[in-house]
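**Student:** sequence-free structure coming up:
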Ligand SMILES: Cc1ncc(COP(=O)(O)O)c(C=O)c1O
């Protein structure tokens, strides 16, 4: 049973923290192109709204999710800082030229798939090493994708949150540089750059939806949505029932941990505690939080596939949540949705577990 919680601590006066614009960095990278914003009239009719837009992150810099936007900007800032030359954050070429000065510098992070792959790709592009900590339950295809970037993959016997703890320990060694999308006390500057990096995604959108559904793991993307979408857009978080730490934190009034195992196929959303750095933006700016069953996300994947969009479980989560909630009168009323409304759904990933895609849809991944 999917759950919708109206945010008890919504603050209409909330203003985003000041940040640096990552746009010039992204636009200067080889292969940069805005991802598509697709109109989906069939979905609009089904949801009983005027318009549905799909921001489609199935391909970003040749990777199957939006994650490189944050990971690469944060990594560039962190490596430039290590070199004592913050101006080098402006581009990849300058960093690569000076990588030799950094000896065995190793970029380290925990991931449930996409962030780690993006960090690993950056390390290769910048001439550095990468060590990526992954939870034991990660699908083989996702592990293989990270390894294929040239990274050392360390499998942690535990959840994503256990992998975060291991990556933080590893970060105490002098040649390690943690590029994490989640924060912990005393480790905030790099996760702040990750959130900043996602601003490019929202700057590309160029429409002002009435409501947006945002898939949430640690909440870094959600914090960027809070800052980057128009103030009038009502924001709804989407997370798995099996890892519903956003809802638990909203009820508690502060980030709290929901213990694992987090048995969900929405791997990018399988974390037990929100990023403390991201949390204030969710707590103040989001209008509602929802947690969905596995079947709801699978139905979203199938619906997208029927539209010709073969996408992963986190993308399915946004679509499934909208399909499930917007047919309920009380949810429509809570979100202020009617037949004149426009809805934005963030399709945050392409297919990252082809076997599971085939099982859900009954046909092989392309
Ligand atoms: C595909 C996908 N969607 C959404 C998210 C959620 O982003 P965040 O962890 O910043 O909340 C992730 C995070 O890994 C992801 O991989």
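**Tutor:** Alright, I've got the coordinates. The structure presented is a predicted model; accordingly, all values stated were derived computationally and were not measured.
**Student:** what's the helix or strand for the residue nearest to residue 232 when sequence neighbours are not counted?
**Tutor:** Excluding its sequence neighbours, the residue lying closest to residue 232 (CB to CB, 6 or more residues apart in numbering) is residue 208, at 6.8 Å. Just so you know, the C-beta spots here come from the backbone N, C-alpha and C atoms, and that holds for glycine as well. Using DSSP states H and E, residue 208 sits in no helix or strand.
**Student:** which pLDDT does the model give residue 208?
**Tutor:** Among the per-residue scores, residue 208 holds a pLDDT of 98.
**Student:** correct me, but it touches residue 228?
**Tutor:** No. The pair residue 208 / residue 228 is not scored as a contact, 11.8 Å apart, by CB atoms under 8 Å.
**Student:** circling back: got the contact list for the residue nearest to residue 232?
**Tutor:** By CB atoms under 8 Å, 6 or more residues apart in numbering, the contact list for residue 208 reads 230, 232-233, 342.
**Student:** just give me the neighbour total for the closest residue to residue 347 other than its chain neighbours.
**Tutor:** Nearest non-adjacent residue to residue 347, counting by CB to CB, 6+ apart: residue 315, 3.8 Å away. As a burial measure, residue 315 scores 31 neighbours (other CB atoms under 10 Å).
**Student:** quick one on the thing from earlier: show only the entries of the contacts of residue 208 found in helices.
**Tutor:** Among the contacts of residue 208, DSSP state H puts none in helices.
**Student:** which residues touch residue 268?
**Tutor:** Counting by CB under 8 Å, 6+ apart, residue 268 has contacts 65, 112-114, 215, 217, 312-314, 348-349.
**Student:** helix, strand, or coil at it?
**Tutor:** Three-state assignment for residue 268 (DSSP: H, G, I helix; E, B strand; the rest coil): helix.
**Student:** contact partners for the spatially closest residue to it that is not a sequence neighbour?
**Tutor:** The shortest distance from residue 268 to any non-neighbouring residue, by CB to CB, 6+ apart, is to residue 314 (4.5 Å). Residue 314 is in contact with 65, 215, 266-269, 297, 348-349, counting by CB under 8 Å, 6+ apart.
**Student:** also residue 193?
**Tutor:** 20, 22, 70, 73-74, 77-78 are the contacts of residue 193 under CB under 8 Å, 6+ apart.
**Student:** of those, which one scores lowest on pLDDT?
**Tutor:** Note: of the contacts of residue 193, the lowest pLDDT belongs to residue 20, at 95.
**Student:** make sure residue 291 is indeed in a strand.
**Tutor:** Yes. Counting by three-state DSSP, residue 291 is located in a strand.
**Student:** for the nearest residue in space to it that is not next to it in sequence, what are phi and psi?
**Tutor:** What sits nearest to residue 291 in space, not counting adjacent residues and going by CB to CB, 6+ apart, is residue 244, at 4.0 Å. Main-chain torsions, residue 244, degrees, to the nearest 10: phi -90, psi 60.
**Student:** contact partners for residue 244?
**Tutor:** 3, 258, 291.
**Student:** now those residues in a markdown table, with distance to the ligand?
**Tutor:** Converted to a markdown table, the contacts of residue 244 look like this (distance: CB to the nearest ligand atom, whole Å):
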| residue | distance to the ligand |
| --- | --- |
| 3 | 18 |
| 258 | 15 |
| 291 | 14 |
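**Student:** any quick PyMOL command for the buried ones out of those residues?
**Tutor:** The PyMOL command for the buried members of the contacts of residue 244 (criterion: 16 or more other CB atoms under 10 Å) is given here:
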select buried, resi 258+291
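**Student:** can you tell me which of the contacts of residue 244 lies closest to residue 334?
**Tutor:** Nearest to residue 334 among the contacts of residue 244, counting by CB to CB, is residue 3 at 12.1 Å.
**Student:** from residue 251, how far off is that closest one?
**Tutor:** 11 Å (CB to CB, to the nearest Å).
**Student:** next one: residue 278
**Tutor:** 17 Å.
**Student:** how about the residues of this protein by the ligand?
**Tutor:** Listed as neighbours of the ligand in the chain under the rule CB under 6 Å from any ligand atom: 65, 67, 112-115, 181, 215-222, 268-269, 314, 348-349.
**Student:** re earlier: with neighbour numbers in mind, choose between residue 278 and residue 251.
**Tutor:** residue 278 (28 against 12).
**Student:** from memory the more buried one sits against residue 196, does it?
**Tutor:** No. Using CB under 8 Å, residue 278 is not in contact with residue 196; the gap is 11.7 Å.
**Student:** what's the end-to-end length of stretch 55-62?
**Tutor:** Separation of the first and last residues of stretch 55-62 by CA to CA, to the nearest Å is 16 Å.
**Student:** the residue of the stretch 51-200 of the chain found nearest the ligand - how many residues pack around it?
**Tutor:** At 3.6 Å from the ligand, residue 114 is the closest residue in the stretch 51-200 of the chain, using CB to the nearest ligand atom. As a burial measure, residue 114 scores 30 neighbours (other CB under 10 Å).
**Student:** and for residue 124?
**Tutor:** Residue 124: 14 neighbours (other CB under 10 Å).
**Student:** and it, which helix or strand is it part of?
**Tutor:** Taking DSSP H and E as the definition, one finds residue 124 inside helix 114-126.
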